[in-house]
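J.: Quick one, fold the following:
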Amino acid sequence: MPASSDLFDQWAAALRPSAAAADDGEPAPQPRAAPAPATPQPLRRALQELLKAGLLEQAAKPQLFRQIASNTARVDALLEPLDLQVRVDDLRGLAYVAVAPGWQADDAQEDEWTHPLVRRQRLTLEQSLLLAVLRREFLQREQEGGLGVAVRLGLDGLLAQLEIYLGATGSDMQDRKRLLELLDKLRAHGVVSEVDAQDQLTIRPMIVHLANPENLQALLVHLRELGQAGASRAS
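T.: Prediction:
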């Protein structure tokens, strides 16, 4: 029975290119590439949180946000097989996932909203309207108080703005219910907080990046014109 050292010698010989292979002109087998270094645990946790919610706010999770903001190139490399990338808004303390510019849908008529890993769905007309109103309010408060200012808004003031475009149902309870349902849908997109016990909510900085501002402004103008035309006919 051969000694155990002979077995190890056989394994070592098998790993070395043979002289016969060299004589035949065949290329010597290439050594395996070293495995990529493992993703550090703090960055791993930050990336998991980013993908879970679609965004990270510095105010809520400063350490995780710092991991993403200081390692954007590595995060993009990790997201590249998914056709996603991270975008960081340093001024507002926000990191969020976006569809990579090179992504192509199967149907030429489709856009980034149809990416299979994008959680958000297309907004309805009423949701888009409320988004436009909230976005305008957020930007106005930023102009007054500076970037990064916390923007809070009461339900009563928001109801009054929404009625300019949608009109009132004739029931305060129904108007409030409609608004709360719309806010709940938008909350899933990370643009507003829950309504608190004082009937106030916080507009979150993701609202600046969620939709095309020109489209939202055009929507507001169009709906305001429709409302004015309807009021003129009624009078």
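J.: okay, CA-based contacts and neighbour counts for the rest of this
T.: OK.
J.: Below-threshold pLDDT in the chain: ranges please.
T.: Counting by pLDDT under 70, the low-confidence segments of the chain come to 1-37, 102-122, 211-235.
J.: switch to 50 and redo it
T.: Along the chain, the parts satisfying pLDDT under 50 run over 1-5, 7-8, 11, 15, 18-22, 108-110, 113-117, 119-120.
J.: Please, where are all the helices along it?
T.: Secondary structure of the chain by DSSP state H: the helices cover 4-15, 19-23, 41-53, 62-69, 72-79, 125-145, 155-166, 172-187, 207-210, 213-234.
J.: how far off helix 41-53 does the fourth one point, in degrees?
T.: Helix 62-69 runs at 90 degrees relative to helix 41-53, counting by axes from the mean of the first three to the mean of the last three Cα atoms, to 10 degrees.
J.: let's have the chain start at 27 instead
T.: Okay, residue one is now 27; in that scheme the one you just asked about reads as helix 88-95.
J.: Identify each buried residue in helix 88-95, please.
T.: Within helix 88-95, the residues that count as buried by 16 or more other Cα atoms under 10 Å are Leu90, Phe91, Arg92, Gln93, Ile94, Ala95.
J.: How much space separates the fourth one from Arg71?
T.: As for Gln93, its distance to Arg71 is 9 Å (criterion: Cα to Cα, to the nearest Å).
J.: do the last one as well
T.: With distances defined as Cα to Cα, the gap from Ala95 to Arg71 amounts to 14 Å.
J.: Kindly report the same for the second one.
T.: Distance of Phe91 to Arg71, given as Cα to Cα: 11 Å.
J.: Also the fifth one?
T.: In this structure, Ile94 lies at 10 Å from Arg71, with Cα to Cα as the measure.
J.: Equivalent analysis for the third one, please.
T.: Noted for Arg92: a distance of 12 Å to Arg71, by Cα to Cα.
J.: can you list residues touching both of these two?
T.: In terms of Cα atoms under 8 Å, 6 or more residues apart in numbering, Arg92 and Arg71 are not both contacted by any residue.
J.: Now do the contacts for Thr195.
T.: Residues near Thr195 by Cα under 8 Å, 6+ apart: Asp201.
J.: What of Leu82?
T.: When contacts are counted by Cα under 8 Å, 6+ apart, Leu82 touches Glu75, Leu76, Leu90, Phe91, Leu120, Ala121, Tyr122.
J.: Same list (those) but as CSV, adding distance to Arg230.
T.: Formatted as CSV, those follow (distance: Cα to Cα, whole Å):
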residue, distance to Arg230
Glu75, 17
Leu76, 16
Leu90, 18
Phe91, 15
Leu120, 10
Ala121, 12
Tyr122, 12
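J.: Just give me the neighbour total for Ala79.
T.: 14 (other Cα atoms under 10 Å).
J.: That one: what's it in contact with?
T.: The neighbourhood of Ala79, defined by Cα under 8 Å, 6+ apart, contains no residues.
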